[in-house]
Structures are given as structure tokens and as C-alpha cells.
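Novice: no letters, just coordinates:
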């Protein structure tokens, strides 16, 4: 049997490696395979191992079809296995996603912002304010819903200043309504709003993805460029990042987020099971090099202890 690029295989004596994908056509008696639970491509000699073909890789397909490998024999840069990242996360944060630290300092604020979006900027409220041309009220609500600690200071100041301009109040209001509640396919709505933001120099990934994330946390993801890129690189997932707003990158971030959601949901430890993409984003932030520090976790634990007294 000759193995071809993108064949799915399994190692007969290494079940913990999970499903693998052949990253380049077989060369002689050697084949290069990237296994989902290993940090680096394995170059295997077929005289010593009888690889098994996997006809249906199930949930492994999404990840393996989007990995950063390239058609090379040298493989990818060494990275920490995902299973090790998960173990460190649960060890660092007592109770995992449901522990006191993350529930209070991550989940609580995001839940409140979600509630603010779906009440202050619900479809009915949006339509009422636009229909009565209450652009000042609408702009104020949009600003308040974006005032959460997930935009940089510069992004928030710029967006807030733009919403003071009469023409921007209307165009951003209408554009945001179409993004969230329009009838066209999401790709068209996304790119139309991107053009609106670009006209006011607000075309930043956090600004366009934040309302989607908080209105529909069951399916959309917030993009903080550096963190999101690091999370994807650590996982070996190719999100095809481009700093310019584009649907291709966002759609791949959604694929990456879905893969993380499924992996976390399938874990034996219920402390890792996400309720929605808010929990997935929290996991990204908590495993990000510049996210939660050990001292930050200890400080949060001290605050919780003092509050309980």
C-alpha cells in the first residue's frame, strides 16, 4: 500500500497518539505523519510499522485538515502537546472552568456583557431605535456594550470618539444591526460591516468580533489577534491569519474554536467541559503566555478568600 498526502492513519501500537494525517506522499519506505496528540511530525519506516488506514476520522478531521505542517520531511516546530496544556490548565486553576477564580474573574463579567447585549441591543430594541431615528440613544447603547475590558484602550477610545459623529451613529448602527440580525449569509454581513468600520478607521478584529461573540456566544468567537494566533499556533491549527479584516481568517478561527470546543467537551474531566465559546475563549486566555500569571491567580484566590470572611 502506498500512502498519499491527506490519508488518515493510526499507529497500531501507539493508540495514545490518536489519529494521524499523512503530510506528504510516501517516499520509498518512509512516510511522514502528523498525529493529533504528538507535538511533531513522525517519519516512519513502513518496514517496521504497519500503519492502519482510518476511513472516518470523526472529530479528528477538522483539526487534522487545518494543521500547520506543509509538505516537508522536516515537520513542524516542536510544540507542547495539547494534552499537556490541558493538564497544566486544570492544575493551575482549581475547579477548571467552574472554579471560583474563573467563575468570578472571567465568566461573571462576560455573562453580564452578554446580558447587556441581548437586552440593550436585541433585535426588537434595535429596530425600534432605528425606526424612530433615535441615533443618539442607539450610539450610546452600542458604546456601553463595547465598554468591557476586552478592547484595548486605544480601540475603545477611537470607537467611542467615532460614535460621537452624527453620520457614524447612523451608519455604524445600521451596519451593526445587519451584522447581527440581517438575512444575508454571514460572510456578506461580516464584510459589509468591515467596510463600515474601515471608513472610520475602526477596522480592528476585536471591534468587529466582540458584538458577535457576546450576542451569540454559542457559535461566535472574539479575536484578540496576538492571543488567538498564539493559541492556534500552540495547537498547530492554521487560521490563515491576516491583520486586515477578512472572512477567510474569521471562518478559520471559527473552525479552530469549534475544534477546541469539541476537544474540551470530549475530555474525561468535566471541569474542562465548555458551556459555550465564552469558556473556550477563557481557556485560550488562560493558556496564553501573557494571560493569567501564577501571581495573578494567587492574588485572585486571596481576594476571594477575603471576600468570603
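Specialist: Ah, there it is. All values derive from a computational prediction rather than experimental measurement.

Novice: so where's this structure uncertain?
Specialist: 68-79, 309 (pLDDT under 70).

Novice: all strands of it, in order?
Specialist: 8-10, 19-22, 30-35, 42-45, 52-53 (DSSP state E).

Novice: buried residues of the third one, list them for me.
Specialist: Pointing back at strand 30-35 there. Using 16 or more other CB atoms under 10 Å as the test for burial, strand 30-35 gives 31-35. In short, each C-beta sits where N, CA and C put it, glycine included.

Novice: switch those over to a markdown table; also include distance to residue 127.
Specialist: Shown next, in a markdown table, are the buried residues of strand 30-35 (distance: CB to CB, whole Å):
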| residue | distance to residue 127 |
| --- | --- |
| 31 | 58 |
| 32 | 55 |
| 33 | 54 |
| 34 | 49 |
| 35 | 51 |
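
Novice: and which of those is nearest to residue 247?
Specialist: Ranked by distance to residue 247 (CB to CB), these are led by residue 34 at 26.9 Å.

Novice: wait, the closest one touches residue 23, no?
Specialist: Yes - with contact defined as CB atoms under 8 Å, residue 34 and residue 23 form a contacting pair (5.4 Å).

Novice: show me the protein divided up by domain.
Specialist: In terms of domains, the chain is parsed into 8-78, 84-308 (source: automatic domain parsing).

Novice: let me have those in TSV, adding distance to residue 1 as columns.
Specialist: Output for the domains of the chain, formatted as TSV (distance: least, CB to CB, whole Å):
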stretch	distance to residue 1
domain 8-78	8
domain 84-308	26
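
Novice: of all these, which one is nearest residue 2?
Specialist: Going by CB to CB, the one of the domains of the chain nearest residue 2 is domain 8-78, 5.1 Å.

Novice: coming back round to it: in CSV, list the strands of the chain along with distance to residue 166.
Specialist: Below are the strands of the chain laid out as CSV (distance: least, CB to CB, whole Å):
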stretch, distance to residue 166
strand 8-10, 57
strand 19-22, 54
strand 30-35, 54
strand 42-45, 61
strand 52-53, 64
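
Novice: burial of residue 132, as a residue count?
Specialist: Neighbour count for residue 132, taken as other CB atoms under 10 Å: 10.

Novice: please report how far it lies from residue 179.
Specialist: Remark: distance between residue 132 and residue 179 (CB to CB, to the nearest Å) = 21 Å.

Novice: for residue 202, which residues are in contact?
Specialist: 155, 158-159, 162 (CB atoms under 8 Å, 6 or more residues apart in numbering).

Novice: considering these, which possesses the most neighbours?
Specialist: Top of those by neighbour count (other CB under 10 Å): residue 159, with 24 neighbours.

Novice: any idea how far residue 281 is from the residue lying closest to it once chain neighbours are set aside?
Specialist: Closest residue to residue 159 apart from its sequence neighbours, by CB to CB, 6 or more residues apart in numbering: residue 202 at 5.3 Å. To residue 281, residue 202 is 21 Å away according to CB to CB.
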